[in-house]
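Structure for this input, please:
(2 chains)
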Protein chains: 2
Amino acid sequence: MASILPASNKPMRSDQNTYVGKCFVHVKNPYLDSMDEDILYHLDLGTKTHNLPAMFGDVKFVCVGGSPNRMKAFALFMHKELRLQDRGEDVKDICAGTDRYCMYKIGPVLSISHGMGIPSISIMLHELIKLLHHAQCCDVTIIRMGTSGGIGVAPGSVVITDTAVDSFFKPRFEQVILDNIVTRSTELDKELAEELFNCSREIPNFPTLIGHTMCTYDFYEGQGRLDGALCSFSREKKVDYLKRAYIAGVRNIEMESTVFAAMCRLCGLKGKPFMNA
Amino acid sequence: MASILPASNKPMRSDQNTYVGKCFVHVKNPYLDSMDEDILYHLDLGTKTHNLPAMFGDVKFVCVGGSPNRMKAFALFMHKELRLQDRGEDVKDICAGTDRYCMYKIGPVLSISHGMGIPSISIMLHELIKLLHHAQCCDVTIIRMGTSGGIGVAPGSVVITDTAVDSFFKPRFEQVILDNIVTRSTELDKELAEELFNCSREIPNFPTLIGHTMCTYDFYEGQGRLDGALCSFSREKKVDYLKRAYIAGVRNIEMESTVFAAMCRLCGLKGKPFMNA
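Reported below is the predicted structural model:
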């Protein structure tokens, strides 16, 4: 299917923002520049109410995960690791005015929750990308740290995703735009995968591998679980499906990676899901 | 496409649970009965750790909505309306052990949050339906009270959904089961719509109408918004799409109604989305 964003004769602002050695976070929306105010509704932030460059201009790493408690725990961990308590910096929820997501800033690191499933992370990513764009952030790396179900890997293993695939094992994300379906690529940064993998090797007893991650729209029927309220397939069909997924290179299953990969690729964020299986 | 649940020669337990005048909440999963324990993981409840019939057996109404704060506010409102403070009953989060969803019980009413989007509400519904089934609840009505975007209706109107439709204006929900796509009906209880509509007429200044609700997987590109991080359509295309939606009977757009309708229909819950547009 055709790409959502065909090559245009007129360069967008996002393209003008890419200089040698610096990669600014892109938006791909010609309407944004002419807007008087941009309200990031689900983050409870806005361009008129907040000085986004002052608040977020130094962000270099964004870590996202489903659970708000987990992302707070990660923020506290980073706060300790970066020894920010010595500088009197507090860890407080920047999005406390809304209960949709939570967000913590720890030096150059943002820690944000995204809820469960593609639609929920997609709303957050739209507003996060606009936030990083308005704040003029550059060279930002984004990592999703999620829980997932492993396939043919030892329990507790960490899977670093090289490619996110859909329920049919295809490296694609089908985005519905109005009533058109547009297919986007879900390949992820290979260098970052290697970097993360090398880091993991420095830590003892940290079983880590690189593989494909399958992203489903459903936790029960979509992932072959036999304990949902609805289940219409046999145990054999489930095992057959998971075996076929393994042969296709899938090492874990979760519910956000395809849209994460697709949006990061389009907007100049070096992205990587990184999950406990 | 074929229905997920073909007629079987052997009646399921759910069918045996339907008696004249009483409709028990069904599960449609032949594996559940043989399980030693059922852990409702995302609700932090289980059949061995909790006495579900004692805790939930009297539930007659379930009200669900995206935001945890809103569902807590609704619980406090119901607590006051039902005058439960006189009986010393507290309003506390039954799912406090997890941050995925929150749940309050106020007499025969459950108030539960479901996050944003089809996958998020679907996980909650699987576990809620199993909860109501284990608790042997009967004649349960479920109402989604959500926020939504209105189409051609006065701001602040309440839309009572008669049928949930997808982005293509079709009354269907496409459920991916392993790597098969199964189409489910999304029609809702017409009587309940009339009942709710009649209630609304007793309240002054409460503009209410019955119409179709469109459910999308995406808040920005899927709903024709011009202010996302990505936007590849023109203002004219957006207006044309919304006009076509209006002609098809759509009066509001949100992100959960199709799977809500499909699952309620299959499991014997009288269901209705009911939204502020």
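
What angle do helix B:118-134 and the top helix by length along chain A make with each other?
Ordering each helix of chain A by length in residues (DSSP state H) puts helix A:118-134 first. Here helix A:118-134 points in a direction 150 degrees away from that of helix B:118-134 (axes from the mean of the first three to the mean of the last three Cα atoms, to 10 degrees).

Find out how far helix A:118-134 is from the centre of the chain, if you would.
9 Å (Cα atoms, centre = their mean, to the nearest Å).

Not including adjacent chain positions, what is the nearest residue to A:Val25?
A:Leu132 (4.0 Å; Cβ to Cβ, 6 or more residues apart in numbering or on different chains). For the C-beta atoms, the positions are set from N, CA and C on the backbone; glycine is no exception.

Could you report the separation of the one you found from A:Pro119?
For A:Leu132, the distance to A:Pro119 (Cβ to Cβ, to the nearest Å) stands at 21 Å.

sorry, back to before: wouldn't the residue nearest to A:Val25 be in contact with A:Val27 here?
No. With contact defined as Cβ atoms under 8 Å, A:Leu132 and A:Val27 do not form a contacting pair (9.2 Å).

The helix or strand that contains A:Ala73 - contacts with which helices or strands?
Using DSSP states H and E, A:Ala73 sits within helix A:68-81. Applying 3 or more Cβ pairs under 8 Å, 6 or more residues apart in numbering or on different chains; DSSP states H and E, one finds that helix A:68-81 contacts strand A:61-65, strand A:103-106, strand A:109-113.

Tabulate the CA atom coordinates of that helix in PDB.
Only the C-alpha atoms of helix A:68-81 are listed here, as PDB (Å, rounded to 0.1, in the frame of the first residue of the first chain):
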ATOM      1  CA  PRO A  68       2.300   4.300  35.900                       C
ATOM      2  CA  ASN A  69       3.700   2.700  39.100                       C
ATOM      3  CA  ARG A  70       6.600   1.100  37.200                       C
ATOM      4  CA  MET A  71       7.500   4.300  35.400                       C
ATOM      5  CA  LYS A  72       7.600   6.100  38.700                       C
ATOM      6  CA  ALA A  73       9.800   3.400  40.200                       C
ATOM      7  CA  PHE A  74      12.100   3.800  37.100                       C
ATOM      8  CA  ALA A  75      12.200   7.500  37.600                       C
ATOM      9  CA  LEU A  76      13.200   7.100  41.300                       C
ATOM     10  CA  PHE A  77      15.900   4.500  40.200                       C
ATOM     11  CA  MET A  78      17.300   7.000  37.600                       C
ATOM     12  CA  HIS A  79      17.200   9.800  40.200                       C
ATOM     13  CA  LYS A  80      19.400   7.700  42.400                       C
ATOM     14  CA  GLU A  81      21.700   6.500  39.600                       C
END
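
ok, and for it, which residues are buried?
For helix A:68-81, burial by neighbour count (16 or more other Cβ atoms under 10 Å in any protein chain shown) applies to A:68, A:70-72, A:74-75, A:78-79.

okay, now A:Gln136: neighbour count?
If you count neighbours by other Cβ atoms under 10 Å in any protein chain shown, A:Gln136 ends up with 13.

for it, helix, strand, or coil?
coil (DSSP: H, G, I helix; E, B strand; the rest coil).
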